Structure formats: C-alpha cells, structure tokens
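[1] generate a structure from the sequence data that follows.
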Amino acid sequence: MFISRAFTCYQLAAAVDALLTPLADAPARPAVLVLGIDAMFLDEDLRLHERRYLFRRILDRLQALAQRGLPILITCLPGPTSDWTRTLALRARMLPDVRRALPVMEPRPIPHDVRQTA
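    Numbers count the residues shown, from 1 in each chain. Alright, predicted model coming up:
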C-alpha cells in the first residue's frame, strides 16, 4: 500500500501526473482512492479561474487513467453548501465512471456489538 497526501491543489495535480500515471502501466493495477477531491479547491487565496483550471485538469487526467484500466474512486465532501462546492461535486460526478458509483453514504452509528473489543 502506498499513501500520498496532497495539501494543495497544485500538489494534487503533481501527484496525479507523477504518481498515478506509472500505475496505469503496472501489470497489477492497484485501486486508487482520491478522497475529498473538492476540499482543496475551496481555498479562496487562489483565483477562481486557477481553481477551475486545476480541477478540470485533474479530472481529465483521472478520467484518462481510468480509461486505461486504472480503477479510481473519487469522493467529494458531503453536502455542498455553496455554488462553488456544488459545481465541484457536479463536475466530478459527470465523469462516466463516477455516474455508476455508489450513492452518497450517510453516516450511521456503529452497532454496540461491533464496538466491543476482545
């Protein structure tokens, strides 16, 4: 297992280009999880056109990698609360593979018997 954490949308773009591209050519393609892809694009220190450009670039690259056979799961933050977050979530869900993804899962309490330890 390999884990990479990006702290900015620029780091996410670089990680997609540098780290995921070789995985698409690997004989055993691992599943890739991109969790909360929209979270980094909420930074208002970046101009909106720059955030749009980077988001589009990352989604296009992820889609191309998925079409090459790399299994990719993308998640978004729950409950978009602004026009920008709604746009991000909608755009991410427009990818062909994402439309067939599982519906949003609501948090549920953990059953008591599962919380018990041996």
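[2] next, the distance between the ends of stretch 74-89.
    Start-to-end span of stretch 74-89 (Cα to Cα, to the nearest Å) is 10 Å.
[3] in that stretch, what's buried?
    74-76, 84-85, 87-89 (16 or more other Cβ atoms under 10 Å). In this view, the C-beta of every residue, glycine as well, is placed from N, C-alpha and C.
[4] quick one: least confident helix or strand in this structure?
    Using mean pLDDT, DSSP states H and E, helix 112-115 stands out as the lowest-scoring helix or strand of the chain, at a mean of 48.
[5] okay, helices next: where are they in this protein?
    9-15, 21-24, 48-67, 83-93, 96-99, 112-115 (DSSP state H).
[6] nearest to Leu42, of these?
    Among these, helix 83-93 comes nearest to Leu42, with 6.8 Å by Cβ to Cβ.
[7] so who does the nearest residue to Thr85 once chain neighbours are set aside touch?
    Excluding the flanking residues, the one nearest Thr85 by Cβ to Cβ, 6 or more residues apart in numbering is Asp38, at 6.1 Å. Taking Cβ atoms under 8 Å, 6 or more residues apart in numbering, we find Asp38 in contact with 55, 76-77, 80, 85, 88-89, 92.
[8] can you list the helices of the chain in a markdown table and add distance to Ile3?
    A markdown table is the format used below for these (distance: least, Cβ to Cβ, whole Å):
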| stretch | distance to Ile3 |
| --- | --- |
| helix 9-15 | 11 |
| helix 21-24 | 13 |
| helix 48-67 | 17 |
| helix 83-93 | 21 |
| helix 96-99 | 22 |
| helix 112-115 | 25 |
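[9] looking at those, which one has the lowest mean pLDDT?
    The minimum mean pLDDT among those belongs to helix 112-115 (a mean of 48).
[10] quickly note the distance from the residue nearest to Leu88 when sequence neighbours are not counted to Pro27.
    By the measure of Cβ to Cβ, 6+ apart, the closest residue to Leu88 outside its immediate chain neighbours is Asp38, 3.9 Å from it. Using Cβ to Cβ, to the nearest Å, Asp38 is found at 32 Å from Pro27.
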